[in-house]
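In: Here is my input; please provide its structure:
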Amino acid sequence: MLTDNYGNPLHTKNATAREAYDNALVAYLEALPGVDAALDRAIAADDGFALAYALKARNAQVFARMGEARALMAQAMETGAGLKGQARAHLEIFDHLINSRVREGYAMVRAHLLEYPRDALVAQTCMGVFSLIGFSGQPGREAEYLAIAEQLAPAYGQDGWFLSQLAFAQMEAGQLKPAEASIEASLNLRPRSAHGAHIRAHLYYEMGQTQDGRDYLSDWMAGYARDGMMHCHNSWHVALWSLGLGDTARMWAIADADLAPGASQSPSLNILTDLASLYWRAEMAGEAVAPDRWAALSDYAAQAFPNPALGFADIHAALAHAMAGQDEPLMKIIEGAKGPAADLVTPCAEGFRAMAAQDWAGAEAALVPVMAGHERLGGSRAQRDLLEYTLLQALIRQGKADEARRLLAMRRPLTDSAGAVQGLAA
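Out: Reported below is the predicted structural model:
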């Protein structure tokens, strides 16, 4: 039986289908373009290739094409009805995840990886801050992410994709030196991995290396297609560093060309969260953001995420609604927050509402209780600096600049925070 590059049985006898699937798997794991095209070739060569339908369904899910994802997953289950063992479990896992049975899916993932640790597509569901663990809403998710990465590490050895994921787990747990060794080893093997470049960018950010980070990622992005899954988010990093360097012209050019709805081809979650974050961090740094920008983003948030469900998306939607003065969708989030981190979504949304109203004390009161556990909301440490800096601004606006500096020194001592919030460096 033919296997993929990780040794997993593919249940196809067609070599062309196998090669196309492997190309798609590599592209998916490294956030490169061409996943769907490669899978179309695989299915054309073997229309009974159940695992190819499943991977195509997973890729559609990532891009929030949920109707397509469910239809493809149904095709995978029908085509693979006679499969048993590892392949059957693989299909059932993605059937759970794509059809919103996340709790059942995660339980199956953990059991599956004990027996088949090199099933990389399944392992990927637990890797990164946008994963099952990342969006679990549970306390200690950074430790859990590192624990599963270390559990899987012996099975992958010097695999470029896995080393990048191990690096991110180490970094989010504060292990910056091990993370540096892991990501450098990863990029030596897979220098054009968009996830690898992204994780290297995070290390520059965590170490406060603004100019080096922008130079590195700008050069890397020059060869990355706009339809690559990480194009929006990696562009966000470059824009954020441009803001930090005072190059606001470049920041705005990136915002409009690479992050904005209608311009970006990336998943809607990235578009909303990256653009809202960039606008707000620009505001806090003293750069005026035109009201029509906030209004357009609020409209997009209401369309793409109409109902509260995912905490990380909801807090960014709340920010956009608050700054646009759109009270109805904002109150929908405040009063109807759902999911495992709903108890944090409401005070974050209330905090942004207070900031928009220049109620600095109200914002401080809402945000202080969130600080101890905001990793439960999802996203990276760099992304959640949005909350850290919002609290700092609320303190500074009340004349508590010394308190803000002490808080920064305790919570984010290595990041380049000079100029991130007006009055912080004074």
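In: isn't residue 5 right up against residue 24?
Out: No - using CB atoms under 8 Å as the test, residue 5 is too far from residue 24 to be in contact (11.3 Å). Yep, even glycine has a C-beta here, placed from its N, CA and C like the rest.
In: ok now do residue 96, which residues does it touch?
Out: 102, 104, 105, 108 (CB atoms under 8 Å, 6 or more residues apart in numbering).
In: Quick check: phi and psi at it.
Out: Main-chain torsions, residue 96, degrees, to the nearest 10: phi -60, psi -50.
In: Can you check the pLDDT for it?
Out: In this model, residue 96 is scored at 98, pLDDT.
In: quick revisit: buried ones among the contacts of residue 96?
Out: Taking 16 or more other CB atoms under 10 Å as the criterion, what is buried in the contacts of residue 96 is 102, 105, 108.
In: quick one, phi/psi of the last one?
Out: Per-residue torsions, residue 108: phi -70, psi -40 (degrees, to the nearest 10).
In: how near is it to residue 115?
Out: Distance, residue 108 to residue 115, using CB to CB, to the nearest Å: 11 Å.
In: picking up where we left off before, so which of the buried ones among the contacts of residue 96 is the closest to residue 346?
Out: residue 102 (21.6 Å; CB to CB).
In: Just to check, the closest one is in contact with residue 132?
Out: Yes - judged on CB under 8 Å, residue 102 makes contact with residue 132 at a distance of 6.8 Å.
In: Spit out the residues that contact the two alike.
Out: Shared contacts of residue 102 and residue 132 (CB under 8 Å, 6+ apart): none.
In: Pick the one among the contacts of residue 96 closest to residue 370.
Out: Checking the contacts of residue 96 against residue 370 by CB to CB gives residue 102 as the nearest, at 23.5 Å.
In: So the spatially closest residue to residue 330 that is not a sequence neighbour versus residue 299, what's the distance?
Out: With CB to CB, 6 or more residues apart in numbering as the criterion, residue 330 has its nearest non-adjacent residue at 3.9 Å, and that residue is residue 321. Residue 321 is 10 Å from residue 299, where distance means CB to CB.
In: neighbour-wise, which of the two wins?
Out: Between residue 321 and residue 299, counted using other CB atoms under 10 Å, the more crowded position is residue 321 (30 against 16).
In: and that one, what does it touch?
Out: By CB under 8 Å, 6+ apart, the contact set of residue 321 is 298, 301, 302, 327, 329, 330, 333.
In: buried residues in the helix or strand harbouring the last one?
Out: In this structure, residue 333 is located in helix 327-336 according to DSSP states H and E. For helix 327-336, a neighbour-count test (16+ other CB under 10 Å) marks 329, 330, 332, 333, 334 as buried.
In: sorry, back to before: distance between the one helix or strand the residue nearest to residue 330 maps to and the chain's centre?
Out: Under the criterion of DSSP H and E, residue 321 resides in helix 311-324. In this view, helix 311-324 has its centroid 16 Å away from the chain centroid, taken as CA atoms, centre = their mean, to the nearest Å.
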